[in-house]
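Novice: With the sequence up front, the predicted model follows.
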Amino acid sequence: MSASTVTIDIEEVPSGDIRLKTEVILAKSINRPRPVLLMRTPYPRAEAMAFANVIELARQGWAVVVQSVRGRYGSQGTFTPFVQERVDGFNTVKWCAQQPWSTGAVAMTGASYIGYTQWAAASARPAGLRAISPIVSSAIPQDWFFEGGALRYAFVQSWAQGLLYTAPDIDEATRRQAVNLAADLRHMFMVPPSRSPLMDCSPFYRKWIDSANARYWDQTVAFGKQHRLTIPAFHIAGWYDIFCESSIRDFQHARANAREDGSSNQRLIIGPWSHLTLFQPQVGDLDFGLESNGLGHDVFGQMLDWLRQAVEGCPVPTGVKVFVMGANRWLELNDWPPPASSQRLYLQKDLQLSTCPEPDLNALSFLYDPARPTPSVGGRTLDLTLIGHGPKDLFRILGRSDVLLFSTQSLQQPVTIVGIVKAQVNFVTEGESADVRAGLVDIYPDGRAFQIVDSTVRAAFEPGKPRQVELTLGSVAAQLAEGHRLALLVASADFPRLDLNPSTSTFPTDASGYHAAVQTVLCGGVVPSFVEIPVLDKEVIQGASPVCVIA
């Protein structure tokens, strides 16, 4: 269908004393009121319109509304990320529901920050909002910036620079500064976050790196104790997306609320995608095959059909559909996580993983050197400048002296891991603070190694005293093939994805701001270190290779 068969009108939607630049796309051939599909974005409206194929959506009977959020791309006011979206979302939904071309029923869709605007609008409970579909997003802004107490440094730096460079009122000197910062990220990352040049030129960065800034964060909450939401929602997540765990948590919270109300109106789809490879089969260094192609399987179309049912008040499909990486097939589940047999694999002094802990306590030490930190290699990230994304071969770091890799013997048959991976690491440091990083790794027979899921916990220590650090590595659905090995990577940095740990309780005043420290992982003994994996019960998955117990 050509653009000549639709009308695209520019509107100025009121929200308090400001006006928000808005485009309305309607099919000329439809002469009756339509349900509204709303997207609110801080990025160019053309990007959202292309992503959603608004011409086709209008032809299918939607009144499509694409709006620039406050202070961005023609909308009046000052852009204050997250804070403004509740009131502006409420006013925009109300406006959409009152238009003559509208049935009064509004749904929202969109990815990343556009997903957050949906949660923010829903938290205000506008009468016309019937359903939302957040894609690779998170309802809680603090989750955007922090992981286990560490700052998601690469994401914060790159997003702050991008918003700074595209700010409508930026002066030429600041624009040049933003360009110069982007050209030398490696240098900028080597200073503590509080000393970044962005502290002086970005209006947001200073707020984002301060997890204790309750005045700011309390204004951003879109979901939680303050706003108990039961709105129907179709969630889309990616196993290698920076917001994967947050998307799953949003689904779980919303589903729990809906169940209390006697309804079930939540749907979750998780593919193998990263934030920037949504619906694509090639992610990082791996191709997950035709089954993972979200465009070919019309995941977006499934979402639209679901939204249409929701806005019309019809029952909607619920449950969880996940892509099992390695097996490269989809699995339908009632909920997340599914029933599974939990199995502990204990860290051994010879760098093996075993089902039995060693009786004696043993120590494996390495030097955490902030001048030469363990680098980030792919994973759940949203910064392509230095890191890459998705599963990347770990050959760059597995030979380093500051990385410990514990592995099983070669698997005699496939192992299917579906659920939440956890670990407990008995850890000692010379410093007052340390990052404990743990990653589940699939080692191929040819020596390639790909991280499946990982996380980091920043913990306080009494120097020289052991502490049991509990980690939730994260949710995963993956099958390791026969002949592969399952491994656990342990380190004390994931840089620049996460900021460096200073090894002190507060940043010192010396030039670097960081101190080296000897870190020790304790294996065996009374409190052994282990990784706990959910091995899928045979009766849950049909038609797949048998599940084995790891020896």
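Specialist: Alright, I've got the coordinates.
Novice: Can you give me the distance of A438 to L411?
Specialist: 20 Å (CB to CB, to the nearest Å). All C-beta atoms are positioned from the backbone trio N, CA, C, and that covers glycine.
Novice: The two - which one has more neighbours?
Specialist: A side-by-side neighbour count of A438 and L411, using other CB atoms under 10 Å, places A438 first with 26 against 17.
Novice: pLDDT on stretch 424-436, on average?
Specialist: Mean pLDDT, computed over stretch 424-436, is 97.
Novice: Determine how far the last residue of it lies from the first.
Specialist: Terminal residues of stretch 424-436 lie 10 Å apart, using CA to CA, to the nearest Å.
Novice: mean confidence for whichever strand or helix holds A477?
Specialist: In this assignment (DSSP states H and E), A477 forms part of strand 467-480. Across strand 467-480, pLDDT averages out at 98.
Novice: for it, the distance to its chain's centre please.
Specialist: How far strand 467-480 lies from its chain's middle: 15 Å, per CA atoms, centre = their mean, to the nearest Å.
Novice: and the helix or strand immediately after that strand in the chain with strand 467-480, angle?
Specialist: Toward the C-terminal end, the helix or strand that comes next after strand 467-480 (DSSP H and E) is strand 485-491. Relative orientation of strand 485-491 and strand 467-480, computed by axes from the mean of the first three to the mean of the last three CA atoms, to 10 degrees: 150 degrees.
Novice: Can you tell me what sits against the next helix or strand after strand 485-491?
Specialist: Towards the C-terminus, the helix or strand next in line after strand 485-491, according to DSSP H and E, is strand 517-523. Residues outside strand 517-523 that contact it (CB atoms under 8 Å, 6 or more residues apart in numbering): 346-349, 358, 361-368, 404, 425-431, 434, 466, 490, 492, 503, 529.
Novice: Show me the strands in the stretch 51-200 of the chain, by range?
Specialist: Counting by DSSP state E, counting those that start in this stretch, one finds strands in the stretch 51-200 of the chain at the ranges 63-68, 102-111, 129-135, 146-147, 150-151.
Novice: Give the burial count for N293, as a bare number.
Specialist: 16.
Novice: Which pLDDT value belongs to it?
Specialist: 95.
Novice: how about the strands of the stretch 51-200 of the chain in TSV, adding distance to V179?
Specialist: As requested, the strands of the stretch 51-200 of the chain are arranged in TSV below (distance: least, CB to CB, whole Å):
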stretch	distance to V179
strand 63-68	23
strand 102-111	26
strand 129-135	30
strand 146-147	28
strand 150-151	23
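Novice: so which of the ones you listed comes closest to R267?
Specialist: Nearest to R267 among these is strand 129-135 (8.9 Å), distances taken as CB to CB.
Novice: Where does the prediction get shaky in the stretch 451-551 of the chain?
Specialist: 505-513, 537-551 (pLDDT under 70).
Novice: One more pass at 80, please.
Specialist: 504-513, 537-551 (pLDDT under 80).
Novice: before we move on, what about the stretch 101-250 of the chain?
Specialist: 175, 177-191, 221-228.
Novice: make it 50
Specialist: By pLDDT under 50, the stretch 101-250 of the chain contains no weakly predicted segment.
Novice: Walking through it, point out its helices one by one.
Specialist: For the stretch 101-250 of the chain, applying DSSP state H, counting those that start in this stretch gives helices covering 113-123, 142-145, 153-165, 172-183, 185-189, 198-201, 205-208, 214-220, 244-260.
Novice: and the third one, how far out from the chain's middle?
Specialist: The chain centroid and the centroid of helix 153-165 are separated by 16 Å under CA atoms, centre = their mean.
Novice: for it, packing partners?
Specialist: Helix 153-165 sits against helix 142-145, helix 172-183, helix 185-189, helix 198-201, helix 205-208, with contacts defined as 3 or more CB pairs under 8 Å, 6 or more residues apart in numbering; DSSP states H and E.
Novice: Restrict the second one to CA atoms and write it as CSV.
Specialist: It refers to helix 172-183. Provided in CSV are the C-alpha atoms of helix 172-183 (Å, rounded to 0.1, in the frame of the first residue of the first chain):
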residue,chain,number,x,y,z
GLU,A,172,28.1,24.3,19.0
ALA,A,173,30.9,24.1,21.7
THR,A,174,29.0,21.4,23.6
ARG,A,175,28.3,19.5,20.4
ARG,A,176,32.0,19.5,19.5
GLN,A,177,32.8,18.3,23.0
ALA,A,178,30.3,15.4,22.6
VAL,A,179,31.9,14.4,19.3
ASN,A,180,35.4,14.6,20.9
LEU,A,181,34.3,12.4,23.8
ALA,A,182,32.9,9.8,21.5
ALA,A,183,36.2,9.7,19.6
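Novice: I'd like to check the angle between it and helix 153-165, please.
Specialist: 150 degrees.
Novice: Dump the C-alpha coordinates for the helix or strand containing F366 into CSV.
Specialist: Taking DSSP H and E as the criterion, F366 maps to strand 362-368. Extracted C-alpha coordinates of strand 362-368, given in CSV (Å, rounded to 0.1, in the frame of the first residue of the first chain):
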residue,chain,number,x,y,z
ASN,A,362,41.6,-24.8,48.8
ALA,A,363,42.4,-21.4,47.5
LEU,A,364,42.9,-20.1,44.0
SER,A,365,44.2,-16.5,43.7
PHE,A,366,44.6,-13.9,41.0
LEU,A,367,45.5,-10.2,40.8
TYR,A,368,42.7,-7.6,40.1
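Novice: ok and it relative to strand 485-491, angle-wise?
Specialist: Going by the same axes, to 10 degrees, strand 362-368 is angled at 60 degrees with respect to strand 485-491.
Novice: What lies in contact with strand 362-368?
Specialist: Contacts for strand 362-368 (CB under 8 Å, 6+ apart): 349, 351, 401-404, 428-429, 434, 492-493, 501, 503, 516-525.
Novice: Against which helices or strands is the following helix or strand past it packed?
Specialist: Once the chain leaves strand 362-368, the next helix or strand it forms, by DSSP H and E, is helix 395-398. For helix 395-398, there is no helix or strand it packs on, judged by 3+ CB pairs under 8 Å, 6+ apart.
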